[in-house]
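# Okay, sequence plus prediction incoming.
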Amino acid sequence: SLCLSPPHSLPFILSPRMSRFINVLRSWLLLVSLIAAGNTVQSFRDHSFLAHKLYTGKPALVNGLQARTFGVWTLLSSIIRFSCAVDIQNRTLYHITLWTFILALGHFVSESLVYHTAPITIGVMAPLLVAGFSILGMLMGFQYLEESQEVAAIPSKKRQ
């Protein structure tokens, strides 16, 4: 008799191209997660870091409370991205991770263009580029997730 096993219990049959892309994406997410964890520590240690590196347009608006809030958001993003790197086949987690980058991009674009608190400097360009490349990579990754989901949905014979 045939049974459908949950996708996480099947050994995924990945094409070499798919496997390579997913592994690069996982490594990227891990790297970005670790950098975010470092930024979290910095946000809690010294709020002037944000005033001097990111919010240089209106540094007087940066205070300890705002820096710690930024640090908590960054820590949450780091945890989500790390989790996705570990379990990249989890579609819900994948979508949530993609949204962390969309929100980060939206935040820095609005702070630069609408609120004028973060003029385009190298300190602002870095998160804009990371978010932009991450969004593109994750959107491209959808095709590989769909491919692996199709493989996972293939019924397997139950061993007796």
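Alright, I've got the coordinates.

# what residue ranges in this protein score low on pLDDT?
By pLDDT under 70, the low-scoring segments of the chain are 1-18, 146-160.

# ok, which stretches of it are strands?
Ranges of strands in the chain, per DSSP state E, are 2-3, 156-157.

# doesn't F49 make contact with Q42?
Yes. With contact defined as CB atoms under 8 Å, Q42 reaches F49; the gap is 4.9 Å. Every residue, glycine included, has its C-beta placed from N, CA and C.

# if you skip the residues just before and after it, what's nearest to A104?
In this structure, A104 finds its nearest non-sequential neighbour in A131, 4.5 Å apart by CB to CB, 6 or more residues apart in numbering.

# before we move on, what about N90?
Of all residues not flanking N90 in the chain, C84 sits nearest, at 7.3 Å (CB to CB, 6+ apart).

# Tell me if I'm right that the one you found and H95 touch.
No. Using CB under 8 Å, C84 makes no contact with H95, being 9.5 Å away.

# And the two? Which one has more around it.
Using other CB atoms under 10 Å as the criterion, C84 and H95 rank with C84 on top: 24 against 12.

# what sits against the more buried one?
Contacts for C84 (CB atoms under 8 Å, 6 or more residues apart in numbering) come out as 29, 90, 93-94, 96-97.

# mind putting those residues in a markdown table, neighbour count and distance to T56 included?
Formatted as a markdown table, the contacts of C84 follow (neighbours: other CB atoms under 10 Å; distance: CB to CB, whole Å):
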| residue | neighbour count | distance to T56 |
| --- | --- | --- |
| L29 | 25 | 28 |
| N90 | 16 | 38 |
| L93 | 17 | 34 |
| Y94 | 19 | 34 |
| I96 | 14 | 31 |
| T97 | 24 | 29 |
